[in-house]
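need the 3D shape of this:
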Amino acid sequence: MNTAGDYDKRISIEAPKTAADIENAYGEIDLGDDGSWRLVARCWAEVQSQGGREVERLKQNTADLTHLIRIRWSSATKDIDPSMRIVLGERKLEIISAANVNEKNSVIEMMCREVKPA
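This is a model prediction of the structure:
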């Protein structure tokens with residue numbers, strides 16, 4: 001059972017922008033801050049590093065770091081899926097999977113991957 005003290009990292013959950021997000025009231029394209037993501041929720045999280053490995057992708061070495069992230073279930077976070085990402089400070093993590101733990105609408109666990117150039 002997680003306690004409030006376990007949720008000690010502030011994260012943002014972002015989803016890709018849709019056509020409706022991008023077009024403003026005047027029919028103009030509005031890409032916002034970084035152009036392709038919109039904020040879904042900000043919340044406190046428990047972040048556990050699960051290790052890493054170095055891989056070669058397209059002739060470039062990269063380091064894959066995996067993390068287990070737990071957040072409290074809420075109406076804003078209940079529909080998290082792998083198309084979304086986590087922003088933790090300056091770091092961006094790709095969501096690999098997200099699950100409503102024991103279907104109790106209490107905790108969501110996400111396996112995430114942070115890919116960094118080596």
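
wasn't Asn102 part of a helix?
Yes: Asn102: assigned to a helix according to DSSP: H, G, I helix; E, B strand; the rest coil.

how many neighbours does it have?
8 (other C-beta atoms under 10 Å). Where C-beta positions appear, they are placed from N, C-alpha and C, glycine not excepted.

and what of Glu109?
14.

could you check the pLDDT of it?
pLDDT recorded at Glu109 is 95.

that one touches Trp73, doesn't it?
No: counting by C-beta atoms under 8 Å, Trp73 is not a contact partner of Glu109; they are 10.2 Å apart.

gap between Lys104 and Trp73?
Lys104 sits at a distance of 8 Å from Trp73 (criterion: C-beta to C-beta, to the nearest Å).

comparing these two, which residue is more hemmed in?
Trp73 (15 against 8).

how close does that one sit to Trp44?
13 Å.

check Met111 too.
19 Å.

between these two, who's got more neighbours?
Per other C-beta under 10 Å, whichever of Met111 and Trp44 has more neighbours is Met111, with 17 against 14.
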